[in-house]
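K.L.:
Here is the input, now give the coordinates:
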Amino acid sequence: MNAKERKELFSSETSFDSNEKASGAASDFFALHRVLCTFALKNLSRKIAQVENRNHVISTMLRSRLIILSPWLATMCLVGCVMERRHVPLNLPTGGRLVELVEPATVAPRLQPENVQQVSATTSTPRNVLVLSGGGANGAYTVGVLNGWTASGERPQFDVVTGISTGALIAPFAFLGSKYDETLRRSYTECKEGDIFSRRWLPALLWADSLADSTPLKTRIATEITPDILIQIADAHRDGRRLYVGTTELDTKKLVVWDMGAIAAGNDANKLELFRDVLLASASVPGLLPPVDINIEVDGKQHTELHVDGGVSASLFLQPSMLGVKPDQESPDVRDDLHVYVVVAGQLQLPRRPVQRRLSKVVEESVGGVLQSQMEGDLLKTYLLARYAGAQFALTSVPKELAEGSSALAFESQNMQKLFKTGYEHAATRAGWQFVPVSVTLDEQTPPRSSLQFTVQEPRGGRVETADDVTPMAVRQNGPGFTGRKFLQRLRGESRR
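P.N.:
Numbering: from 1, shown residues only. I've put the predicted structure just below:
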């Protein structure tokens, strides 16, 4: 209380009766009590006024913040809304599977229940089969191989082409032939991150199903996959050639193989949109890019499936029917005219390097090991299937020196141009081809450990066979599978010792 307030309080009119004046002590007590009560009331009134003023300021600030944040809040609400499926997911019983219904006279899907197509196989005996793996930006190596193969003058017309992830984006153009080599070269050497995805705002991640938006990739696919491209693929399909793309259906976590030629040649009014959606889904890395909704009809009811990168369930794929092998065929004939070519947009073996004992490093290396094991398993399965079908096998992949230190999701033009150039040289000079997977070489046949004492052994004679091991004339006359047969014979001989 300041001096002015004290003077005001003590000089205020106060009436005491004679009895009060007679009692000095009581009079002083009541006077002091009145002064204190008056001061308390004034102080309380001032505090209330301050609080009301502060609340007004806070409410004004909140209103201004809401006005500023309203676009962000609206964005987050919209993102949360679009995450819902259009139709309910399919509740498939354990052990059940979808069986496609087709018309007898066309390749259009799902019309006549009495005509069931379980496996879409080539209608003619295939001779040249191309299998393209996933690998993100490393797809530039695959594109370089195709361009170099054309330059060598020995690139065949492919009867069957399969693709996963980045391989799925390349597959339609590899299927249609060398006239699209330049289109692929531009796409994979002049590409940057903004052409594939755009990063989301931080607030939008609260409701989002991915770190980035795939609209740029969707636009790019729509630009490149034109109605004319669809017509050409449909014509090739009617001639008996086949184009397949793999996606992963999230509810089942299984690989879904799409017959892209059948889609292109079908009578579905939305076939162009479906064709593009399948390619987008096959290249949609989960976590980075959102799943793609694909609406299906099951027993007259609409359901929505979520499809993501085919690399989740397979690094590459090839099925017996695609090689002309029938389900009831016990021992296919050996065919010198059947060739299976595999292009891996990545390295065949991970390098040995010390791992730091940190959470991020341990998880990173472990996930890398899982993906690498999946690739090796899929590659071995493809190789064994090719050999079972009597086919000759050839394989090429990104060399170790280029693969180390680069990321499949780093779309840097300089690095992609190096990958393209290396792939071009490998195919043009035959230097990059080998005829068995690394996993079946003698160096990979490691016996179980029984102690803790070791010595280092240099690579043995079971190294990977390459084109340098055979003269160009032998390769031309016998095909890539020639050295594969030599290796298998030697492997069997050494295993008997």
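
K.L.:
Residue 98: what's it in contact with?
P.N.:
92, 296, 298 (Cβ atoms under 8 Å, 6 or more residues apart in numbering). C-betas here are computed from N, CA, C, even on glycine.

K.L.:
quick one: low-confidence parts of the chain?
P.N.:
Applying pLDDT under 70 to the chain flags the ranges 1-91, 93-96, 102-124, 204-205, 329-334, 403-406, 442-444, 459-497.

K.L.:
Show me which of the contacts of residue 98 are buried.
P.N.:
residue 296 (16 or more other Cβ atoms under 10 Å).

K.L.:
Tell me the one among the contacts of residue 98 nearest to residue 439.
P.N.:
residue 92 (33.6 Å; Cβ to Cβ).

K.L.:
what's the spacing between the closest one and residue 251?
P.N.:
Residue 92 sits at a distance of 8 Å from residue 251 (criterion: Cβ to Cβ, to the nearest Å).

K.L.:
about what we covered before: narrow the contacts of residue 98 to those in strands?
P.N.:
Those of these mapping onto strands are 296, 298, per DSSP state E.

K.L.:
which residues of the stretch 101-250 of the chain fall in strands?
P.N.:
116-117, 128-132, 160-164, 198-199, 212-213, 242-249 (DSSP state E, counting those that start in this stretch).

K.L.:
quick one, which of those strands is packed in tightest?
P.N.:
Of the strands of the stretch 101-250 of the chain, the one with the most neighbours on average (mean count of other Cβ atoms under 10 Å) is strand 160-164, at a mean of 29.

K.L.:
which secondary structure elements does that one contact?
P.N.:
The contact analysis (3 or more Cβ pairs under 8 Å, 6 or more residues apart in numbering; DSSP states H and E) places strand 160-164 against strand 128-132, helix 166-176, strand 242-249.

K.L.:
Only the C-alpha atoms, please, for that strand, written as CSV.
P.N.:
What follows is strand 160-164 as a C-alpha-only set of coordinates in CSV (Å, rounded to 0.1, in the frame of the first residue of the first chain):
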residue,chain,number,x,y,z
VAL,A,160,8.0,-63.0,-71.6
VAL,A,161,9.1,-60.0,-69.4
THR,A,162,8.5,-59.8,-65.6
GLY,A,163,9.2,-56.8,-63.4
ILE,A,164,9.2,-55.8,-59.8
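
K.L.:
quick one: strands adjacent to that strand?
P.N.:
Next to strand 160-164 in the sheet, as set by DSSP bridges, lie strand 128-132 (parallel), strand 242-249 (parallel).

K.L.:
Now do that strand: everything it contacts.
P.N.:
Against strand 160-164 from outside (Cβ under 8 Å, 6+ apart): 122, 126, 128-134, 169-171, 174-175, 241-246, 257, 282, 309-311, 314-318, 322-323.

K.L.:
how about the strands in the stretch 351-497 of the chain?
P.N.:
Using DSSP E, counting those that start in this stretch, the strands found in the stretch 351-497 of the chain span residues 392-397.

K.L.:
Quick one: the helices in it, in order.
P.N.:
Remark: helices assigned in the stretch 351-497 of the chain by DSSP state H, counting those that start in this stretch are 359-388, 400-403, 413-429, 472-478, 481-496.

K.L.:
Counting neighbours, which bits of the longest one end up buried?
P.N.:
Of the residues in helix 359-388, 371, 372, 374, 375, 376, 378, 379, 382, 383, 385, 386, 387 count as buried by neighbour count, 16+ other Cβ under 10 Å.

K.L.:
Tell me the one of those residues nearest residue 355?
P.N.:
residue 372 (14.2 Å).

K.L.:
I'd say that closest one and residue 350 touch.
P.N.:
Yes: with contact defined as Cβ atoms under 8 Å, residue 372 reaches residue 350; the gap is 5.1 Å.

K.L.:
mind putting the strands of the stretch 101-250 of the chain in TSV, distance to residue 327 included?
P.N.:
Output for these, formatted as TSV (distance: least, Cβ to Cβ, whole Å):
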stretch	distance to residue 327
strand 116-117	13
strand 128-132	18
strand 160-164	17
strand 198-199	46
strand 212-213	42
strand 242-249	17
